[in-house]
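Undergrad: Build the 3D model from these lines:
(chains A and B, ligands or ions: 5)
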Number of protein chains: 2
Amino acid sequence: MSTVQNSPLLKLHSDDNIAIARNSVTENQECALSENESVTTRESIDLGHKVAIQNIASGEPIRKFGQTIGFATIDILAGDWIHSHNLESGVLSLDYAYSTDVPTPPEPIKGRTFMGYRRPNGKAGTRNYLAIISTVNCSATASKYIARELAQTSLENYPNIDGIIPLVHKGGCAMQYDGEDHHQLMRTLGGFAKHPNIGAYIVLGLGCETGQGSFLSESEGLVQLENPNEPQNQGPLVLNIQDIGGIAKTVKKVTTLLKEYLPQVNDVTRVPIPVSELILGTECGGSDGNSGVTANPALGIASDLLVAHGATSILGETPEIHGGEHLLTRRSITPEIGKKLIDRIKWWEEYTGKFGVVIDNNPSVGNKRGGLTTIYEKSLGAIAKGGSSALREVYRFAEPVTEKGFVIMDTPGYDPASVTGMVAGGANVVAFTTGRGSCFGCKPVPSIKISTNTPMYHRMQDDMDLDAGRILNGTSVEQVGQEIFELIIEVASGKKTKSEVQGIGDEEFCPWSIGPVL
Amino acid sequence: MSTVQNSPLLKLHSDDNIAIARNSVTENQECALSENESVTTRESIDLGHKVAIQNIASGEPIRKFGQTIGFATIDILAGDWIHSHNLESGVLSLDYAYSTDVPTPPEPIKGRTFMGYRRPNGKAGTRNYLAIISTVNCSATASKYIARELAQTSLENYPNIDGIIPLVHKGGCAMQYDGEDHHQLMRTLGGFAKHPNIGAYIVLGLGCETGQGSFLSESEGLVQLENPNEPQNQGPLVLNIQDIGGIAKTVKKVTTLLKEYLPQVNDVTRVPIPVSELILGTECGGSDGNSGVTANPALGIASDLLVAHGATSILGETPEIHGGEHLLTRRSITPEIGKKLIDRIKWWEEYTGKFGVVIDNNPSVGNKRGGLTTIYEKSLGAIAKGGSSALREVYRFAEPVTEKGFVIMDTPGYDPASVTGMVAGGANVVAFTTGRGSCFGCKPVPSIKISTNTPMYHRMQDDMDLDAGRILNGTSVEQVGQEIFELIIEVASGKKTKSEVQGIGDEEFCPWSIGPVL
Ligand SMILES: [Ca+2]
Ligand SMILES: [Ca+2]
Ligand SMILES: [Ca+2]
Ligand SMILES: [Ca+2]
Ligand SMILES: [Ca+2]
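TA: Residues are numbered from 1 along each chain as shown, chains lettered A, B, ... in the order given. Ligands and ions are numbered 1, 2, ... in the order given. Predicted coordinates for the structure are as follows:
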């Protein structure tokens, strides 16, 4: 019999009745699943495919990632290969079954802290940046110039400031005034302005854009976070290039103004803050066949650990949830919350339908050859990174995340847009799984990059923070999940991620625009 | 009687039968229109309003900008105020009347040249840049880092290189493969790659994006412009961060590679090139009430002069043409070309309709109070910058512009997106009119900024190149148009625009995405 370390089979979750072949297995092989659990294959199992680890009667659920991916169509014996011949989606697709399978809350874990910044408004920051929030592309160059000037002249005297971020983008005008895109951009810019990782900021516009800085400030109720010498709740500085008289004068004036902010922005100290105040944004990008087996379920373990500590974990990327939403509605703590998710799913179907585009998450021929049987199983590969806790809220893109526990935010699958929404919502740490290799960073929030496979981890060692590919070589999902959890706390406490060491994150601010651009 | 210089009336075009009040005029005032032409007002005329300068019989066309803006509903006498009470859109709105009013070609003007770069493929450049073309947001940071490294270490030895541009953007993935957005992005990136203002470039991707660099290179038939030591028509360098092993290694490798290009990119000399090889992109942004009276008609004069010299002038911003397309179809040299424009107008109506948005170019209450009567008149305020020549072609966004004369490209009104399309199409000089004050720049092409009013010109003197507001104080439209034409030639020959002096143009590259982002 194999040991757990060299076993060709991998049990992804303690509730599962199947295991995954991390290497091909021949018939009649006894394979370890844990210290005291094993199964003997009754047929050969290809790499990536599923094998029953207990007897499963016809009609009973098949569980992977601790969740139902379909039902046995015949009686299945421990050691049988499981695929399209004996597994079907079944009644899951018939209705959304709101709140029928709400997971029991985990045993609360108390007392764990990270070292963070306690902001005057009570929020918990993990970094300390000064930001120039550009309302429109027409003020992007000025914002970049100001950041460059400040970075060149002053920062060495302010060791507690992580940097100056020009939050610049391609939109802000030629959109419908007061329309959906306008409001979404205001939520996004407002969310960054209010983010606890930003010690101070100014809002910089051109002056004639649709998305006015004054509208932003009023609609989002912006206040300056760090302004101890001024009357409370005073609005932030909102400046326009047209009023100041062009780019050169604006750069000079704003640089001078912001230099005055530096001492007070620098005047912060990390203090112990309960882990319950962490808000994790989860993301995957450049997925590969290992994503749903290694990095995503391991990140799910870390998510569940955060939830057990009273913290928040956000799952985004609605187009990748699509097809698996039936599983999440079952986990929603109330039918209303489940219905919010279905509303967003329907919005996406309508939205993409306008363009004649269909969101197709069905397993492709290649997926099926690789061992994925049902659409639920495929979607769960993405959903897995959110863990298996009860779904406690569903947010629109860039809405403030105020609920604790496992929540969903409606974001596109596109990495920079998705993470921009979660950070705008208040995520103060991001965990990003990748198979092909992403170099993502997202100032002002640290982004931990987790590889799904070991060869890529080594090839892109300057960009990867943690290797979940070790799960394919015998490290358990739980072990890697625990490591991710510990790394999240270390990073929240100030340890720099690989992308931060390289200064990455100025270009990845990407407000999601749904159009139309006029 | 007033002199032409201090006359309160302004005749915008020699074919016009109306003039505009640049100041309020009382009844019974004799006002000069030109050296030997005057009119006596028969009633008081408010600032911005129209007055008849000859008798116009009921049913006859009213002409402004040399073009029909509607028809007299009663007999009008010279000196009468013209507005809604005696002017209506009339039959113009009934049909598109393709090619019924094609302007006579101007007398060709030959022999005028500018000093430009003659590229090996025969095209004419006005600047000489090295570019890093980023296929996707995920390679934007690396592209910026490479440009920064190169700029810091090497450029002082290569005085003929205008700069290194990282062409970075927010898209490139999470779009429908082979869909409209994908093709539009490929045309845009391909157009920049092939632009004669770019001496050499590399294409840099992450590796797993939808918009692959290899697809770009093949679909756009890319070749390296300046590669004398290598076999002809060899494709450009297409590199992916995932293949190289992350950002740090990519920056090192690509910087080293590009340094080898510098001597050959630097090895260029300006030579006399016929003005007929200029391709002007026209744009207006941050318009005000003067735009249609000063800067736009003056730019129209410059456009017509370019056309007379055999050059090309591009009009974009379809949403601002909307409502005035009937006037352009009459100027199209064939019905097929006119129909191409109407196809794009219909596309816009359908596209915005999907979002419940209506393109409304009808004069608002404020517009009417300011003197604008018909939708044609308002649209002509924007259309005026393209001049009054025959319409010779209609292009899709970022399509290569190969026709000479006056052409249209379908672009959004949004300045950075619109100019990005025209530059991708081959525009080698841009003229940008602005009333509120824009700080636009668009590497690798110089952008001449023309103010519609003198106070803004002075307030934003670091950003404005030419003041068309002088038209309100007596300088003729023709005079300012001629100055713009001469400045276009100077700038094409190397004179730096205000935005170039300040280095502006790295952030304004803005491929137009029609969605959906997935
Ligand atoms: Ca994903
Ligand atoms: Ca994905
Ligand atoms: Ca993603
Ligand atoms: Ca405009
Ligand atoms: Ca515009």
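
Undergrad: give me every residue that touches A:Phe65.
TA: A:Leu12, A:His13, A:Asp16, A:Gly292, A:Pro297, A:Gly300, A:Leu380, A:Ile383, A:Ala384, A:Ser388 (CB atoms under 8 Å, 6 or more residues apart in numbering or on different chains). C-beta: built from backbone N, CA, C; applies to glycine.

Undergrad: Could you pull up the contacting residues of the residue nearest to it when sequence neighbours are not counted?
TA: Distance criterion CB to CB, 6 or more residues apart in numbering or on different chains; nearest residue to A:Phe65, sequence neighbours excluded, is A:Ala384 at 4.6 Å. By CB under 8 Å, 6+ apart, the residues touching A:Ala384 are A:Leu12, A:Phe65, A:Gly292, A:Asn296, A:Pro297, A:Leu299, A:Gly300.

Undergrad: helix, strand or coil for the first one?
TA: It refers to A:Leu12. Here A:Leu12 is coil, with the state taken from DSSP: H, G, I helix; E, B strand; the rest coil.

Undergrad: what's the neighbour count on the closest residue to it other than its chain neighbours?
TA: Nearest residue to A:Leu12, sequence neighbours excluded (CB to CB, 6+ apart): A:Pro297, at 5.0 Å. A:Pro297 is flanked by 30 other residues according to other CB atoms under 10 Å in any protein chain shown.

Undergrad: A:Pro297 belongs to a helix?
TA: Yes. Looking at A:Pro297 with three-state DSSP, it is inside a helix.

Undergrad: how about the residues of chain A that lie near ligand 2?
TA: Within reach of ligand 2 by CB under 5 Å from the ion, chain A has these residues: A:Ser287, A:Gly413.

Undergrad: and the most centrally placed residue in chain A, what element?
TA: Nearest to the geometric centre of chain A sits A:Thr282, at 2.0 Å (CA atoms, centre = their mean). Assigned by DSSP states H and E, A:Thr282 belongs to strand A:279-284.

Undergrad: can you give me phi and psi for A:Arg270?
TA: With angles defined as degrees, to the nearest 10, A:Arg270 sits at phi -70, psi 140.

Undergrad: now swap in A:Leu239 and tell me
TA: phi -120, psi 150.

Undergrad: Test my guess that it contacts A:Lys249.
TA: No. If you go by CB atoms under 8 Å, A:Leu239 and A:Lys249 don't touch, sitting 10.8 Å apart.

Undergrad: in a strand, that's where the residue nearest to A:Phe65 is, yeah?
TA: No. Assigned with three-state DSSP, A:Ala384 falls outside any strand and is helix.

Undergrad: how close does it sit to A:Lys64?
TA: Distance, A:Ala384 to A:Lys64, by CB to CB, to the nearest Å: 9 Å.

Undergrad: Just among the contacts of A:Ala384, which is most surrounded?
TA: So for those (other CB under 10 Å), the most neighbours sit at A:Leu299, 33 neighbours.

Undergrad: thinking again about what came up before, bridged to the residue nearest to the centre of chain A, which residues?
TA: A:Ala431 (DSSP bridges).

Undergrad: quick one: it from ligand 1, how far?
TA: 10 Å (CB to the ion, to the nearest Å).

Undergrad: Pretty sure that residue sits against A:Leu306.
TA: No. Using CB under 8 Å, A:Thr282 makes no contact with A:Leu306, being 10.1 Å away.

Undergrad: Now do the shared contacts for those two.
TA: In contact with both A:Thr282 and A:Leu306: A:Ser313, using CB under 8 Å, 6+ apart.

Undergrad: Tell me who's in contact with the residue nearest to A:Arg187 when sequence neighbours are not counted.
TA: Counting by CB to CB, 6+ apart, A:Ala398 is the residue found nearest to A:Arg187 once chain neighbours are left out, at 4.0 Å. Contact partners of A:Ala398, counting by CB under 8 Å, 6+ apart, are A:Gln184, A:Arg187, A:Thr188, A:Gly191, A:Thr420, A:Gly421, A:Ala424, A:Gly425, A:Pro511, A:Trp512.
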